[in-house]
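> Got a predicted model here, sequence first, then my questions.
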Amino acid sequence: MEYSKLNGSGHELAVNDRLIVQRSELKYLLNLPDRLRLLQALDTLLIPDAYGDYSGYNVRSVYFDGIDNQDYTGKLVKKDFQKRIRLRVYNPTDQTAKFEIKKKWSHSQIKESVVVSRADAKEMLAGNFEVLKNYDDPTAELGYELCSSMTYRPVSMVEYKRRAYTHPQFATRITLDSDLRYRNWAYGLFDDSDQNYHQVTDLTETILEVKYEGFLLPYVQDVLASLDLKPCPISKFGSSRSLLNEFYY
């Protein structure tokens, strides 16, 4: 396997309920045997992240895009700079949601997050971004400016299962996402009923994302080098908008 090593610098800054993360990211597609082998290794090398345990957790996100679908078309033409705007929860009963702005270029990304109330998240899903003014926070201010001036609205919802690992001293985060599904016309972020999803990944496939700041730990590199890793062509946002691509692009 040919494995890329990137050098760079990054940082993570938390201010009240705001989080800014700058890091490098590598993305691969795992088969089932390698998934099991990697999980066995990560269980001993790293620790589960704060949102789950060794059994993992669910992630549900609603993506927003401008009236001209600028974020999606930017992805289609492979612009050097791309962005995503989304609301995220981990359980339909959550009383808060994460409002996130993710900026990407090449193998690097910056993600800004602010925690919003359940009620304000529902308002944004209804197209009311005025509620972002309730938060004295630069991410909320930027989100309001972008979503209001460019007529953003919810465009798709994705859901998947995640196993995530981190290192307490080094800014390393490894996620394994499986059972990726999406919906185009319904955005029930807090709906706890059965959802009618379209399946994206085969149940034997796992999307592996390796995120780190500065350098990747050598023993993590060794584990990854032992696997049959393939570049991952699957985008959660892009897959969720496949209907738009089919009829308009």
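Structure's in. What do you need?

> Show me where this protein has its strands.
For the chain, strands defined by DSSP state E occupy the ranges 11-15, 18-30, 47-48, 57-65, 81-89, 96-105, 108-117, 153-166, 172-183, 198-199, 206-212, 230-231.

> distance between the fourth one and the chain's centre?
Mean C-alpha position of strand 57-65 versus that of the full chain (Cα atoms, centre = their mean, to the nearest Å) differs by 8 Å.

> With the last one instead?
Taking the mean of its C-alpha atoms, strand 230-231 sits 18 Å from the chain's own mean (Cα atoms, centre = their mean).

> Which secondary structure elements does it sit against?
Applying 3 or more Cβ pairs under 8 Å, 6 or more residues apart in numbering; DSSP states H and E, one finds that strand 230-231 contacts strand 18-30. C-beta here means a position set from N, CA and C on the backbone, and glycine is covered the same way.

> picking up where we left off before, can you lay out the strands of the chain as TSV showing mean pLDDT and mean neighbour count?
Formatted as TSV, the strands of the chain follow (pLDDT from 0 to 100; neighbours: other Cβ atoms under 10 Å):
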stretch	mean pLDDT	mean neighbour count
strand 11-15	44	11
strand 18-30	78	19
strand 47-48	92	16
strand 57-65	96	21
strand 81-89	95	19
strand 96-105	94	19
strand 108-117	92	19
strand 153-166	96	21
strand 172-183	95	21
strand 198-199	92	12
strand 206-212	94	21
strand 230-231	90	12
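
> who's the residue nearest to E159 when sequence neighbours are not counted bridged to?
Computed as Cβ to Cβ, 6 or more residues apart in numbering, the closest residue to E159 that is not its neighbour in sequence is R60, at 4.6 Å. With DSSP bridges as the criterion, R60 is bridged to V89, E159.

> could you measure R60 against D53, distance?
19 Å (Cβ to Cβ, to the nearest Å).

> Check T44 too.
For T44 relative to D53 (Cβ to Cβ), the value is 15 Å.

> Mind checking which of these two has more residues around it?
D53 (10 against 6; other Cβ atoms under 10 Å).

> my guess is R118 meets Q95, correct?
Yes - shown here, R118 and Q95 form a contact pair, counting by Cβ atoms under 8 Å, at 5.0 Å.

> More neighbours: these two, which one.
R118 (15 against 11).

> That one: what's it in contact with?
Applying Cβ atoms under 8 Å, 6 or more residues apart in numbering to R118 gives the contacts D94, Q95, T96, A97, F190.

> Next, give me the two most distant ones among the residues you listed.
Taking Cβ to Cβ as the measure, those span a maximum distance of 10.9 Å, between T96 and F190.

> what sits in contact with each of these two?
What both T96 and F190 touch, as defined by Cβ under 8 Å, 6+ apart, is the set R118, A121.

> My guess is E205 contacts N31. True?
Yes - E205 lies in contact with N31 (Cβ under 8 Å); the separation is 7.2 Å.

> Burial check on the residue lying closest to P48 once chain neighbours are set aside, number of neighbours?
Once flanking residues are discounted, P48 sits nearest to Y54: 5.7 Å by Cβ to Cβ, 6+ apart. Using other Cβ under 10 Å, Y54 is surrounded by 11 other residues.

> who are the neighbours in contact with Y54?
D43, P48, R163.

> next one: R241
So R241 contacts Y63, D65, N69, Y72, V155, S156, N184 (Cβ under 8 Å, 6+ apart).

> Can you tell me which of these is closest to V89?
The closest of the contacts of R241, once distances to V89 are taken by Cβ to Cβ, is Y63, at 13.4 Å.

> For that closest one, give me its contacts.
Taking Cβ under 8 Å, 6+ apart, one finds R84, I85, R86, P154, V155, S156, M157, V158, F237, S240, R241 in contact with Y63.

> before we move on, what about I67?
M150, T151, Y152, R153.
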